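Trainee: model this:
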Amino acid sequence: MHYDVGVLGLGYVGLTFATALADLDMNVLGVEKRQDLVDMTNAGVPHFAETGLKSVMQHVIQRTGRLSAVTEFGAEDTCNVYVITVGTPLDADGKTNLSFIQTATRQVAENMMDGALVILRSTVAIGTARNIVSPILQASGKSFQIAMCPERTLEGRAMQELRQLPQIVGADDKATRERAAHFFYKLTPTCVQVSSLEAAEIVKLTDNTYRDVQFAFANEIARVCEAYDVNAMEVINGGKLGYPRTNVALPGLVGGPCLEKDPHILTQSLEKVDISLDIAPAARRVNERQPVETVKFLASEVRKNASGRDPIIALMGMAFKGVPATDDMRGSMALRVLEALRAELPNAEIRLYDPVCDIENLREINGGSMAVSTQAEAIAGADCVIIANNHPSFGETPPAEMLSNLASNGFIYDYWNHFWNHRGHEVGDRYYAVGNTKKVRSA
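Mentor: Below you'll find the predicted structure:
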């Protein structure tokens, strides 16, 4: 069968993109190696939480039949455009794993006909499109055009942003850029054409590394404020109110599938040309060490309060973010917090809770420890309650009310400062937060 588009990889990037294209009445074939994800896709069921995705999937699969999924191209399958969206995770040694990119490219090379447009949408090291993808395609002996068009959507708003965000289109020649831009104009009103594959690769890495640096600076300011018994949220929010030259981010855990790895990818890219970056690696170190530093404080408080018994800890908010809500735990710094807790308090009972994540997935990552389905179950009798992401539900119950359900001397640690501007009687005297680890004043 002939398709307008073949999308390789049906993860967060690929499935939302394929669905959005099919909703524009394109015939789209998704290629995904995992049979369970193929089956779920063909049933119109997304394998992750994403606002608006399920209803559109059901429309394009069950009603119009514009989207279908397979584990590999069939002998008769052909496509005008191929979009590679597979993951580029970091290996155990912190290096970018491009094996999925290579495998997907080989599939495209084998399947494509002369004149195909191949779009790389995955986040990759600089030079990947030119030095890895293009040679594999060239080895097929077929003619093709290649463009780098990085994905930049926000999880939780992907279906909306796919139709609104400017699309970056990078290619070495005008004809390819215009063809790729024409393809994306069907989806979004704005395309930004850049003059090379590398320029487009760098755009994506720059965007995410910039955000990582911003958050790292906020976390540094939080450390300063803690040292001087000052509330970091008061400092940051007060300093930028009505002052146009300062817009400091807010402190907290910084991770996720992009920020956790893209600064590393950028840094590793420069090693090839014998350049070492300073700011980007330093910022990532600041954000990566925060879980260990903060857990040392938490563990010391728990030991003082638990009186020699095995403590109970509630770790709430396991997805890498809570706004927009997602169930994605890839690169979540809450997992680093969990790891540090196990190291510091090996005998603790650790209960995991997340308002979006599937409870079975929570049990799987918790090494046999508990996972619960409600916040009330998580905090009941706990010696320490840790709020690890910014889901709005965590800001609904004042700490003073939560404290009444904790163990004697139990306390709350909030990585996201949900209650920074609440009065002392609302937060009680056992509420701590990033940038505010002294006892809360009651004034």
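Trainee: Would you map the strands across the stretch 201-350 of the chain?
Mentor: Counting by DSSP state E, counting those that start in this stretch, the segments of the stretch 201-350 of the chain that form strands are 312-316, 349-353.
Trainee: Turn the ones you listed into JSON lines, including mean neighbour count and mean pLDDT.
Mentor: The way it works is simple: take the backbone N, C-alpha and C, and place the C-beta from them, glycine included. Listed next are these as JSON lines, based on neighbours: other Cβ atoms under 10 Å; pLDDT from 0 to 100:
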{"stretch": "strand 312-316", "mean neighbour count": "26", "mean pLDDT": "97"}
{"stretch": "strand 349-353", "mean neighbour count": "22", "mean pLDDT": "96"}
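Trainee: Out of the ones you listed, flag the one nearest L117.
Mentor: Ranking those by their distance to L117 (criterion: Cβ to Cβ) puts strand 349-353 first, at 44.3 Å.
Trainee: Neighbouring strands - and their directions - for the closest one?
Mentor: Under the criterion DSSP bridges, strand 349-353 sits next to strand 312-316 (parallel), strand 370-371 (parallel) in its sheet.
Trainee: biggest helix in the chain by residues?
Mentor: Looking across the chain with DSSP state H, the single longest helix is helix 197-227.
Trainee: Distance from the chain centre to that one, please.
Mentor: Distance, stretch centre to chain centre, for helix 197-227: 14 Å (Cα atoms, centre = their mean, to the nearest Å).
Trainee: Buried residues of it, list them for me.
Mentor: By neighbour count on 16 or more other Cβ atoms under 10 Å, the buried set for helix 197-227 is 197-205, 207-209, 211-223, 225-226.
Trainee: Can you point out the buried residues in stretch 305-324?
Mentor: Using 16+ other Cβ under 10 Å as the test for burial, stretch 305-324 gives 305-306, 311-322.
Trainee: quick one: pLDDT of R441?
Mentor: At R441, the model reports a pLDDT of 41.
Trainee: make that N421, sorry
Mentor: At N421, the pLDDT value in this model is 84.
Trainee: nearest spatial neighbour of it, skipping sequence neighbours?
Mentor: Excluding its sequence neighbours, the residue lying closest to N421 (Cβ to Cβ, 6 or more residues apart in numbering) is M233, at 7.3 Å.
Trainee: what helices or strands is the longest helix of the chain leaning on?
Mentor: strand 144-148, strand 167-170, helix 232-240, helix 256-259, helix 262-271, helix 279-306 (3 or more Cβ pairs under 8 Å, 6 or more residues apart in numbering; DSSP states H and E).
Trainee: Remind me what the longest one packs against, helices and strands.
Mentor: Going back to what we said before, that points to helix 279-306. Under the contact definition 3+ Cβ pairs under 8 Å, 6+ apart, helix 279-306 sits against helix 197-227, helix 262-271, helix 333-344, strand 384-387, strand 411-414.
Trainee: Which one of the ones you listed lies nearest to F183?
Mentor: helix 197-227 (14.3 Å).
Trainee: and the closest one with strand 144-148, angle?
Mentor: 20 degrees (axes from the mean of the first three to the mean of the last three Cα atoms, to 10 degrees).
Trainee: what's the weakest-modelled helix or strand in this structure?
Mentor: helix 424-427 (a mean of 85; mean pLDDT, DSSP states H and E).
Trainee: which other helices and strands contact the following helix or strand past that helix?
Mentor: Using DSSP states H and E, the next helix or strand after helix 424-427 towards the C-terminus is strand 431-433. Where contact means 3+ Cβ pairs under 8 Å, 6+ apart, strand 431-433 is packed against helix 399-403, strand 411-414.
Trainee: quick one: pLDDT of the residue nearest to N421?
Mentor: 95.
Trainee: and it, what does it touch?
Mentor: Neighbour list for M233: L250, N417, W420, N421, A433, G435, N436 [criterion: Cβ atoms under 8 Å, 6 or more residues apart in numbering].
Trainee: Among the residues you listed, which are located in strands?
Mentor: When DSSP state E defines the strands, the subset of these inside them is A433.
Trainee: quick one, domains of the chain?
Mentor: As assigned by automatic domain parsing, the chain contains the domains 2-195, 217-433.
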